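Q: sequence below, structure please.
(2 chains, ligands or ions: 1)
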Amino acid sequence: MADPKPGNAAPAKKAATGAYTPAGVSPNRRARHKYTVRLWAVRHSRFFEWFYNRFAAAFLLLHPVWKLFGYERVERPITFVERHVKGFLFDCRMCGQCALSSTGMSCPMNCPKQLRNGPCGGVRANGNCEVEPDMPCVWVQAWKGSQNMVNGNAIMNVQKPVNQSLRETSSWLRVTAEAAAARETAGRDA
Amino acid sequence: MAHFDENPLGPHLPLDPLPGHSSLGRLERVLRRGEFAVTAELNPPDSANPEDVYERAAIFDGWVDGINAVDASGANCHMSSVGICALLTRMGYAPIMQIACRDKNRIAIQGDVLGAAAMGVCNIMCLTGDGVQAGDQPGAKPVFDLDCMSLLETVRIMRDNAKFLSGRKLTTPPKVFLGAAINPFAPPYDFRPYRLAKKIEAGAQFVQSQYCFDVPMFREYMKKVRDLGLHEKCYILVGVGPMASAKTAKWIRSNVPGIHIPDQIIARLEGAQDQKKEGKQLCIDIINEVKEIEGVSGIHVMAYRQEEYVAEIVHESGVLKGRKPWTREPNPVDSLVAERLEEARAGKEQNQQEMAEIAAHHPH
Ligand code: SF4
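A: Numbers count the residues shown, from 1 in each chain, chains lettered A, B, ... in the order given. Sure thing, here's the model as predicted:
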């Protein structure tokens, strides 16, 4: 093993043990309390699903308002709100293409491998993550959360790769704009 | 008897495409014919010497239908899977090229798929890959741009629609048989069969499982798989391998992600006089058990650092039923290379002046 550099505590500690990862030590130490809200949100995935559906409908109703101000202009404040609300509830990483409704309200970007299509093969027998031994695997949680949801089957959909150019943009506005556009074309066809 | 998988015009010629097949390789032919397939994992060398690869591949001659070229398994640095495949196809082996999402982004991966297919690689296996923390360089940046599912879909789109992920056209699509990995032995257990369904939807045509030491658990999984009808849409190869000793087994259990070894297996190894021999016997016993499970199409032998036992294990378990897997698979460009070499040997001189002239007047 390469000699550990000073100031790189976690790898150094890891190197000292000789094992690839001593159980209970994360390469990036995130404390347990950081997961509490996220895990709570997953346990109440059904409520959040219901709430989000209402919320998305309300956002769509506001479409004329967004259009009046211009979607580009409202982007910044909305992104600010979205980041903090979703950040608090789900540890949102602002990938800009929210998949929460198809992942049991467990944000897949918190998976160290950022998998968007299900758990890797390394999940520990206790349901914790391979990479971060003290974090419950995001996808074990996602599976549990999806079982509570009305539309939990969405977890079976194959998700597209993340479009990195949409990072740090508002997923709410994008979904609303798309829904509005779809509604308009449908209206025109009818 | 003429071999099934041979060009009628001569064994040195590449195989003809068969209707409904997605590759020209023999692994796909063997599986589609319903024969019990055997694949093995090549221990990737930590050297720049091609001999090392050939030596390690030669052990499998006549015993396996495909050789897995691993892509830095366990996040440990080794010769790359592309490099190993280049060497193996040159010798006429049938490699299964693994691609792990850990080290390459979508641009690199799609390029590698094209390159591999051009070299004559017929089987590609799409993996997520172990986390970098598991390997010898835990400080590396994990890429994970795609995940195994989107990787499967990407390669499938390249093959079937002749397009890159971006929609740009390919002039010749890569003809590959697509594989994935499954791990029935890790939580969430009830999600695992559905995950296989998802992989099949994304494009997986065969899967290799993680080490199977817990046969009852695997039975359970296969029952669910059969209920979902997945064994008819995809060939399932069970991962097996000998354990050198109880100590190794324990070490692997606590240090390699995703390998589940029940206590009684370790107890059995511990109780044996000759642990190495017992480990091999255990592997054969497991093969004999899993080969009877409905829906299992083959085995994948991972005999890390014990490759010399692969032939013995395959022979003693009798899974090949007297069939001898073909060893040399002709490369589509063999004749082209031979021709060029011949030309060079004949000393056909290039007239540089003339060539420069032609190049200068080449209309662009
Ligand atoms: S164990 Fe779970 S959270 Fe950890 S890398 Fe694998 S899928 Fe992601």
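Q: list the buried residues in stretch B:300-310.
A: Buried positions in stretch B:300-310, judged by neighbour count with 16 or more other CB atoms under 10 Å in any protein chain shown: B:300-304, B:306-307, B:309-310. Any C-beta I mention is one placed from the backbone N, CA and C, and that applies to glycine too.
Q: can you count the residues close to the closest residue to residue B:60 other than its chain neighbours?
A: Nearest non-adjacent residue to residue B:60, counting by CB to CB, 6 or more residues apart in numbering or on different chains: residue B:40, 5.3 Å away. Around residue B:40 there are 26 other residues, counting by other CB atoms under 10 Å in any protein chain shown.
Q: what does residue A:41 give?
A: Using other CB under 10 Å, residue A:41 has 23 neighbouring residues.
Q: where's it, which helix or strand?
A: Assigned by DSSP states H and E, residue A:41 falls within helix A:33-43.
Q: so that helix, near chain B or not?
A: No: using CB under 8 Å from any CB of the partner chain, helix A:33-43 stays clear of chain B, with a minimum separation of 12.7 Å.
Q: about what we covered before: ok, the residue nearest to residue B:60 - contacts?
A: The neighbourhood of residue B:40, defined by CB atoms under 8 Å, 6 or more residues apart in numbering or on different chains, consists of B:60, B:63-64, B:66-68, B:300-303, B:307, B:310.
Q: residue B:178 too?
A: So residue B:178 contacts B:22, B:123-126, B:152, B:155-156, B:159, B:203-206 (CB under 8 Å, 6+ apart).
Q: walk me through the domains of chain B.
A: B:26-329, B:332-364 (automatic domain parsing).
Q: got those domains as a markdown table, with distance to the ligand and mean pLDDT columns?
A: Formatted as a markdown table, these follow (distance: least, CB to the nearest ligand atom, whole Å; pLDDT from 0 to 100):
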| stretch | distance to the ligand | mean pLDDT |
| --- | --- | --- |
| domain B:26-329 | 6 | 93 |
| domain B:332-364 | 38 | 78 |
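Q: need the winner for burial among those domains.
A: Among the domains of chain B, domain B:26-329 has the highest mean neighbour count (mean count of other CB atoms under 10 Å in any protein chain shown), at a mean of 20.
Q: three-state assignment of the nearest residue to residue B:256 once chain neighbours are set aside?
A: Excluding its sequence neighbours, the residue lying closest to residue B:256 (CB to CB, 6+ apart) is residue B:74, at 6.4 Å. Here residue B:74 is recorded as helix under DSSP: H, G, I helix; E, B strand; the rest coil.
Q: can I get the CA coordinates of the helix or strand hosting residue B:358 in CSV?
A: Under the criterion DSSP H and E, the helix or strand holding residue B:358 is helix B:352-360. What follows is the C-alpha trace of helix B:352-360 in CSV, where atoms were taken according to Å, rounded to 0.1, in the frame of the first residue of the first chain:
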residue,chain,number,x,y,z
GLN,B,352,7.5,7.5,-51.5
GLN,B,353,7.7,10.0,-54.3
GLU,B,354,4.8,8.7,-56.1
MET,B,355,2.7,8.4,-52.9
ALA,B,356,3.5,12.0,-52.0
GLU,B,357,2.3,13.0,-55.4
ILE,B,358,-0.9,11.1,-55.0
ALA,B,359,-1.5,12.6,-51.6
ALA,B,360,-0.9,16.1,-52.9
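Q: which strands and helices sit next to the next helix or strand after the helix holding residue A:41?
A: Proceeding N to C from helix A:33-43, the next assigned helix or strand is helix A:45-61, under DSSP H and E. Packing partners of helix A:45-61 (3 or more CB pairs under 8 Å, 6 or more residues apart in numbering or on different chains; DSSP states H and E): helix A:138-148, helix A:171-189.
Q: list the buried ones in helix A:45-61?
A: Buried residues in helix A:45-61, defined by neighbour count with 16+ other CB under 10 Å: A:45-46, A:48-49, A:59.
Q: residue A:108 touches residue A:114, doesn't it?
A: Yes: look at residue A:108 against residue A:114 with CB atoms under 8 Å: they come within range, at 6.8 Å.
Q: which one of these two is surrounded by more residues?
A: Taking neighbours as other CB under 10 Å, residue A:108 and residue A:114 compare with residue A:108 leading, 24 against 19.
Q: name the element residue B:210 belongs to?
A: Using DSSP H and E, residue B:210 falls in strand B:206-211.
Q: what lies in contact with that strand?
A: Applying CB under 8 Å, 6+ apart, the external contacts of strand B:206-211 come out as A:121, B:27, B:31, B:39, B:68, B:125, B:177-186, B:196, B:199, B:218, B:234-241, B:258-261, B:297, B:300, B:302.
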